[in-house]
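Student: Fold the stuff below for me.
(chains A and B)
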Amino acid sequence: MTDVAAITPVSKERRIAASRWFAPSDRLFHGLTMGAAIAVLLLLGGVILALLQGSLPAFSKFGIDFIYTQAWSPARDNFGALAPISGTLITSFIAMLVAVPLSFGIAIFLTEICPMWLRRPIGTAIELLAGIPSIIYGIWGLFVFAPFMQRHVQPFLINTFSGVPVLENLFAGPPYGIGILTTSLILAIMVLPFITAVSRDVLETVPAVLKEAAYGLGCTTWEVARRVMLPYARAGVLGGVMLGLGRALGETMAVTFVIGNAHRIQASILSPGTTISATIANEFAEAMGATYTSSLMALGLILFLITFIVLAFARLMLLRMNQKAG
Amino acid sequence: MVDLYSRRRMANRIVVSLSIGAALLGITWLVLILGQLLIEGFGALSLAVFTEMTPPPGSTGGLRNAIFGTAVMTSIAILLGTPIGILAGTYLAEYGRESKLAMVVRFINDVLLSAPSIVIGLFIYEMMVIHMGHFSAWAGAVALAVIVIPVVLRTTEDMLNLVPTGLREAATALGAPRYFVIRRVAYKAARNGIVTGILLAVARISGETAPLLFTALNNQFWSTDLNAPMANLPVVIFQFALSPYEDWRKLAWVGALLITMAILAVNIGARALAGRKAS
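Tutor: Residues are numbered from 1 along each chain as shown, chains lettered A, B, ... in the order given. This next block holds a predicted model:
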């Protein structure tokens, strides 16, 4: 603010000379920022092109069969993506089954039930937890959670459901500790802060008058949440869930530690499996031969396409929510 | 026969307790993870962690080269990614606004923001590692920079949008050209917010493992050569945790603790900065 006094009078000529640079400088800066914005588009284009180029040998060798065959044999140079694809979809699905109700519960707790003084600390803690890198969840899963599952949860599941049709096959086999179920639960913990944070933000945009009107009519907290808040915030909440799903699908480190890396599709969710990201993380650096590397690239391409669709949908939903709020 | 009123109250009570239960369960779960991390990490923490190199299997050592590598690659990634992110964010907030190009860039950026990081690793492998013929710290840093751009872009745009239009109009009325208004008025007003974005990007990339696995790879020795593979905390944690050696596993816990602490500190700092602006 002291600058004002410090300005010295400048001659007219110098001012005119300076003003000559205004238009070109502005054009330059405009061009520079626009170039950076276009660079972001090129980045995405580059990712897709690089993955396409990398996966071309695999697709030209196996054709479209690559997507729905299960073989994964580096020794025979024969690859199929079905096991990793199904592993990715199944683990993410189970993770969402666990994480979504929990996140909603927490979000409703934070917006409607929690005493005011506790809201900020808990909300902040959840946001901070969303920033913890996934490798931490992975290492905890490997050293703490998998042994716990092996000793307590899995034997219990196997014993309880033995003899029950269908469920018997779902919870079959020796308790390895690692495997599909353990991975799904770790993923659920990982995306929990994420979905909770988005859902809470969205639920907080519900106008207070709407809620107060419902409470005034004698609605219970549950009825307000179910009939007023959720319908109002539906698009945003769905966006948050899809964002979490996108994370679960693409998550690498938390999965790689505990999935077991087995290229077989088995009925039991206690058995080890693999996901796209875990396969790439485990095998890429050591992959020998063009077909092997290319097959892993093709897996990456498939993963990118799946997450792209999910994330695009999530963003559209959140955009719709923003327009509503704005 | 229960009347409607008590049924509604019952349903409410059940849902409220379920919701409180969910909150308790979620928080306990997360506290368990952090608690275990603190116990294991601090249990194995010593000065040697900062002064010695990553050891061969079966002997003690530290993480000095890995800490150095992570610091170097994170810094380079920030230096590479931040200018692009800030400039592109400026375009969206100041020039592009609601234009077609701006809308598309905004959407693509949001997708990139949460794209799987292992795919970024594959992309850089295809673009850099293959052409260079070997893994390198450069490739790792560029992979991280690709993750930095969307984070910085997003916060820059958001923060510039918070700058009151009146400020810009006042400067324009004094005869200042557009670029001058943006650089001297808008940036100045949004400075804290933009720095917050950079800090968030630091927090985001310093724990990223997947994009480094086949770009920077790892290096057991001290190396400052950016054209060679470089050790880094996340990949060291990954390798050591999966190894059967007790010493390595301990170091993995220490590394995990260091990363988590650093990220929490940066995140809290970012929040403090953003909060100061709001008040």
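Student: Give me the distance from the helix or strand residue A:301 falls within to the chain's centre.
Tutor: Using DSSP states H and E, residue A:301 maps to helix A:290-325. The chain centre lies 10 Å from the centre of helix A:290-325; the measure is C-alpha atoms, centre = their mean, to the nearest Å.
Student: Check whether it comes close enough to chain B to count as a contact.
Tutor: Yes. For helix A:290-325, a contact with chain B is found by C-beta under 8 Å from any C-beta of the partner chain, at A:296, A:297, A:300, A:303, A:304, A:307, A:308, A:311, A:312, A:315. Glycine gets a C-beta too; all of them are placed from N, C-alpha and C.
Student: Just the C-alphas of the strand or helix carrying residue A:117, formatted as PDB.
Tutor: Element membership for residue A:117, per DSSP H and E: helix A:116-130. Below are the C-alpha coordinates for helix A:116-130, written out as PDB (Å, rounded to 0.1, in the frame of the first residue of the first chain):
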ATOM      1  CA  MET A 116     -21.800 -28.800  16.200                       C
ATOM      2  CA  TRP A 117     -18.500 -28.700  18.100                       C
ATOM      3  CA  LEU A 118     -17.500 -32.100  16.900                       C
ATOM      4  CA  ARG A 119     -18.400 -31.600  13.200                       C
ATOM      5  CA  ARG A 120     -15.300 -29.700  12.100                       C
ATOM      6  CA  PRO A 121     -12.800 -32.000  13.900                       C
ATOM      7  CA  ILE A 122     -14.300 -35.100  12.500                       C
ATOM      8  CA  GLY A 123     -14.800 -33.600   9.100                       C
ATOM      9  CA  THR A 124     -11.200 -32.400   9.000                       C
ATOM     10  CA  ALA A 125      -9.900 -35.800  10.200                       C
ATOM     11  CA  ILE A 126     -11.800 -37.500   7.400                       C
ATOM     12  CA  GLU A 127     -10.500 -35.200   4.700                       C
ATOM     13  CA  LEU A 128      -6.900 -35.700   6.000                       C
ATOM     14  CA  LEU A 129      -7.400 -39.400   5.900                       C
ATOM     15  CA  ALA A 130      -8.400 -39.200   2.300                       C
END
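Student: Now do the helices in chain B.
Tutor: Applying DSSP state H to chain B gives helices spanning B:4-44, B:48-51, B:64-90, B:100-113, B:117-124, B:130-132, B:137-162, B:165-173, B:178-180, B:187-189, B:191-205, B:233-241, B:246-278.
Student: Same check on the stretch 51-200 of chain A?
Tutor: A:65-68, A:82-108, A:116-130, A:134-140, A:146-148, A:154-161, A:167-170, A:180-204 (DSSP state H, counting those that start in this stretch).
Student: I'd like to know which of these lies nearest to chain B.
Tutor: For chain B, the closest of those is helix A:82-108, at 2.7 Å, according to C-beta to the nearest C-beta.
Student: How far away from the center of its chain is the closest one?
Tutor: Centroid displacement of helix A:82-108 relative to its chain, using C-alpha atoms, centre = their mean, is 10 Å.
Student: So is it next to chain B?
Tutor: Yes. Counting by C-beta under 8 Å from any C-beta, chain B has neighbours in helix A:82-108: A:101, A:102, A:103, A:104, A:105, A:106, A:108.
Student: returning to that earlier point: reformat the helices of the stretch 51-200 of chain A as a markdown table; add mean pLDDT.
Tutor: Below are these laid out as a markdown table (pLDDT from 0 to 100):
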| stretch | mean pLDDT |
| --- | --- |
| helix A:65-68 | 90 |
| helix A:82-108 | 94 |
| helix A:116-130 | 87 |
| helix A:134-140 | 92 |
| helix A:146-148 | 94 |
| helix A:154-161 | 89 |
| helix A:167-170 | 86 |
| helix A:180-204 | 92 |
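Student: Next, format these as a markdown table and append mean neighbour count.
Tutor: What follows is the helices of the stretch 51-200 of chain A, written out as a markdown table (neighbours: other C-beta atoms under 10 Å in any protein chain shown):
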| stretch | mean neighbour count |
| --- | --- |
| helix A:65-68 | 14 |
| helix A:82-108 | 23 |
| helix A:116-130 | 15 |
| helix A:134-140 | 26 |
| helix A:146-148 | 16 |
| helix A:154-161 | 15 |
| helix A:167-170 | 14 |
| helix A:180-204 | 25 |
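Student: right, so of these, which gets closest to residue B:232?
Tutor: Minimum separation from residue B:232 across the helices of the stretch 51-200 of chain A (C-beta to C-beta) falls at helix A:134-140, 11.4 Å.
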